[in-house]
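[1] Whatever this is, show me its structure:
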Amino acid sequence: MQAKRLRELLNQPGIIRAPGAYDAWSARLVEMAGFPVVYMTGYGASASALGQPDIGLMSMTEMATLAKNMAAAVTIPFIADGDTGYGGVLNVMRVVREYDQAGIAGIQLEDQVFPKRCGHMEGKQLISQGEMVAKIKAATHARCSPDFVIIARTDARAVTGFEDALRRAQAYVEAGADVIFFEAPQSVEEMKMVAGAVKKPCLANMVEKGKTPLLTAQELAEIGYKLVIYPVSLLFAATKAMQALLAQLKKDDTTANCLEKMVTFPEFNEMIGLAERRSLEKAFLAE
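    As a prediction, the model looks like this:
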């Protein structure tokens, strides 16, 4: 159902805004805020699950387990980072099936050498265009649902330049990708060229202090983009809020002066659905 809904959104007018989540609770918060799609950030997943940078340390099993839990926590379409596919074409087929069978709406696959790097980091290396084409074909073959969305990402802009990245993006369209993620264009002009040249929906990656200009969703739509993700915004905001609270706790020796910075215990219980769960529990026990 999530994949079908994502397909419908891709075929409707307007740009799709998908904030990035790094665990099941942040995914729930995205849905509560009224956004139509949630995006699982590999950068945030590595930070949250391992306390480590996004340099290919998360295994396929770890990512699939996290993605499954996150997708189950929401009712809106959920897109999950699949990194490089964790190996060759057979590995790609396995992760696509794992994600598809878990009810995830779509997967992002990239053309980096494994272990990968965050798209806005230095030191990236690429697999050949032909190998990535093979991975995309394997991904489209492996999906159980025809609605499951394959997002092909190229990181070539920072490695081999804009023209090669554009050639790769066009080749990935021909291979069967449903959405193209041209990572880290470095100007609005480059973004316009990408959206104009790629004959599939294009994804914009809005990373604060990254390599790509920060534009509004409306500006991106006018350029020609269909989907925009904000992969690390929640992670960065949560980190700063937690740092501030911890600093005040260390200084004051109590959280009494931090209460205005927190939701209350009853508020959180209501948000997380405690009453509904307990009511369901009682209904079965009564029988």
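
[2] per-residue pLDDT, Gly123?
    pLDDT recorded at Gly123 is 65.

[3] ignore the last one, Leu57
    Leu57 carries a pLDDT value of 89.

[4] Please renumber the chain so that the first residue is 27 from this point on.
    That works, and once the first residue is 27, the last one we named lands at Leu83.

[5] Tell me which residues touch it, please.
    Each residue near Leu83 by CB atoms under 8 Å, 6 or more residues apart in numbering is listed here: 72, 76, 141. C-betas here are computed from N, CA, C, even on glycine.

[6] Helix, strand, or coil at it?
    With DSSP: H, G, I helix; E, B strand; the rest coil as the basis, Leu83 sits in coil.

[7] Dump the contacts of Leu83 into CSV; add secondary structure as well.
    Output for these, formatted as CSV (three-state DSSP):
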residue, secondary structure
Ser72, helix
Leu76, helix
Pro141, coil
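
[8] So which of these is surrounded by the most neighbours?
    Ser72 (23 neighbours; other CB atoms under 10 Å).

[9] give me the number of residues near Leu271?
    Leu271, neighbours per other CB under 10 Å, totals 15.

[10] Helix or strand for it, just tell me which one.
    Assigned by DSSP states H and E, Leu271 belongs to helix 259-278.

[11] same check, this time on Ile255
    Using DSSP H and E, Ile255 falls in strand 253-256.

[12] Listing partners with orientation, what would you give for that strand?
    strand 42-47 (parallel), strand 228-231 (parallel) (DSSP bridges).

[13] can I get the ones you listed in JSON lines with mean pLDDT?
    Compiled in JSON lines, the strands paired with strand 253-256 are given as follows (pLDDT from 0 to 100):
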{"stretch": "strand 42-47", "mean pLDDT": "98"}
{"stretch": "strand 228-231", "mean pLDDT": "98"}
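
[14] Of the contacts of Leu83, just say which sits nearest to Thr265.
    Among the contacts of Leu83, Ser72 lies closest to Thr265 (CB to CB), at 13.7 Å.

[15] still on that earlier bit, what distance separates the helix holding Leu271 from the centre of its chain?
    24 Å (CA atoms, centre = their mean, to the nearest Å).

[16] Low-confidence stretches in the stretch 177-313 of the chain?
    Across the stretch 177-313 of the chain, the ranges flagged by pLDDT under 70 are 313.

[17] give me that answer again for 80
    Judged by pLDDT under 80, the stretch 177-313 of the chain has its weakly predicted residues at 312-313.

[18] could you pull out the strands for the stretch 127-276 of the chain?
    132-136, 175-180, 205-208, 228-231, 253-256 (DSSP state E, counting those that start in this stretch).

[19] Okay, angle between the second one and strand 132-136 too, please.
    Strand 175-180 runs at 20 degrees relative to strand 132-136, counting by axes from the mean of the first three to the mean of the last three CA atoms, to 10 degrees.
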